[in-house]
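Novice: Sequence and predicted structure are below.
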Amino acid sequence: MFKTEACKTEYETVYNKIVKKNKFRGHANSGAIYGMGFIGALIYFLQHATSFMAVVIGIIKAIFWPAVVIYRVLQILGL
(Lines give C-alpha, C1' and ligand atoms only; values in the text may rest on other atoms or scores of the structure.)
Protein backbone atom coordinates (compact mmCIF):
# COMPACT_ATOMS: atom_id res chain seq x y z
CA MET A 1 0.00 0.00 0.00
CA PHE A 2 2.79 2.45 0.90
CA LYS A 3 5.80 2.90 -1.36
CA THR A 4 8.22 3.68 1.45
CA GLU A 5 8.37 3.33 5.18
CA ALA A 6 8.54 7.14 5.47
CA CYS A 7 5.17 7.47 3.72
CA LYS A 8 3.64 4.93 6.11
CA THR A 9 5.04 6.74 9.15
CA GLU A 10 3.81 10.12 7.86
CA TYR A 11 0.35 8.66 7.17
CA GLU A 12 0.17 7.15 10.68
CA THR A 13 1.23 10.45 12.25
CA VAL A 14 -1.42 12.46 10.39
CA TYR A 15 -4.06 9.82 11.08
CA ASN A 16 -3.27 9.77 14.83
CA LYS A 17 -3.48 13.57 15.00
CA ILE A 18 -6.90 13.54 13.34
CA VAL A 19 -8.21 10.73 15.54
CA LYS A 20 -6.96 12.35 18.74
CA LYS A 21 -8.35 15.74 17.69
CA ASN A 22 -11.82 14.33 17.05
CA LYS A 23 -11.81 11.75 19.84
CA PHE A 24 -14.43 13.45 22.03
CA ARG A 25 -16.34 15.24 19.32
CA GLY A 26 -20.13 15.12 19.65
CA HIS A 27 -20.36 14.36 23.36
CA ALA A 28 -21.26 17.88 24.44
CA ASN A 29 -24.83 17.66 23.18
CA SER A 30 -25.99 15.20 25.80
CA GLY A 31 -24.31 17.24 28.52
CA ALA A 32 -26.11 20.38 27.36
CA ILE A 33 -29.47 18.60 27.33
CA TYR A 34 -28.86 17.19 30.81
CA GLY A 35 -27.75 20.61 32.03
CA MET A 36 -30.89 22.31 30.74
CA GLY A 37 -33.03 19.58 32.27
CA PHE A 38 -31.19 19.93 35.56
CA ILE A 39 -31.72 23.70 35.65
CA GLY A 40 -35.40 23.31 34.77
CA ALA A 41 -35.92 20.65 37.44
CA LEU A 42 -34.00 22.72 39.99
CA ILE A 43 -36.21 25.75 39.34
CA TYR A 44 -39.34 23.61 39.54
CA PHE A 45 -38.38 21.91 42.82
CA LEU A 46 -37.10 25.11 44.45
CA GLN A 47 -40.30 27.01 43.62
CA HIS A 48 -42.24 24.48 45.66
CA ALA A 49 -39.78 24.42 48.59
CA THR A 50 -41.09 25.84 51.86
CA SER A 51 -38.20 24.97 54.18
CA PHE A 52 -34.45 24.44 54.11
CA MET A 53 -34.86 20.65 54.01
CA ALA A 54 -37.21 20.99 51.05
CA VAL A 55 -34.48 22.99 49.26
CA VAL A 56 -31.89 20.27 49.96
CA ILE A 57 -34.26 17.53 48.82
CA GLY A 58 -35.14 19.59 45.74
CA ILE A 59 -31.48 19.86 44.78
CA ILE A 60 -31.02 16.10 45.22
CA LYS A 61 -34.15 15.40 43.16
CA ALA A 62 -32.93 17.74 40.40
CA ILE A 63 -29.64 15.84 40.20
CA PHE A 64 -31.17 12.34 40.08
CA TRP A 65 -34.43 12.86 38.18
CA PRO A 66 -33.08 11.49 34.83
CA ALA A 67 -32.23 8.16 36.46
CA VAL A 68 -35.75 7.89 37.88
CA VAL A 69 -37.31 8.72 34.50
CA ILE A 70 -35.22 6.10 32.69
CA TYR A 71 -36.02 3.53 35.37
CA ARG A 72 -39.76 4.16 35.00
CA VAL A 73 -39.61 4.01 31.19
CA LEU A 74 -37.74 0.70 31.28
CA GLN A 75 -40.19 -0.60 33.88
CA ILE A 76 -43.15 0.31 31.67
CA LEU A 77 -41.50 -1.29 28.61
CA GLY A 78 -40.80 -4.44 30.62
CA LEU A 79 -37.08 -4.48 29.91
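Specialist: Sure thing, it's come through.
Novice: what's the single longest helix in this protein?
Specialist: helix 52-77 (DSSP state H).
Novice: in this structure, which segments are predicted with low confidence?
Specialist: 1-12, 14-29 (pLDDT under 70).
Novice: Go again with 50.
Specialist: 2 (pLDDT under 50).
Novice: Run a quick neighbour tally on residue 57.
Specialist: 13 (other C-beta atoms under 10 Å). To be clear about C-beta, it is placed using only N, CA and C from the backbone, and glycine gets the same treatment.
Novice: how close does it sit to residue 46?
Specialist: Per C-beta to C-beta, to the nearest Å, residue 57 is found 10 Å from residue 46.
Novice: repeat for residue 35
Specialist: For residue 35, the distance to residue 46 - C-beta to C-beta - is 16 Å.
Novice: Can you tell me the SS state at residue 49?
Specialist: coil (DSSP: H, G, I helix; E, B strand; the rest coil).
Novice: Might you report the residue contacts of residue 51?
Specialist: Neighbour list for residue 51: empty [criterion: C-beta atoms under 8 Å, 6 or more residues apart in numbering].
Novice: Nothing else from me, thank you.
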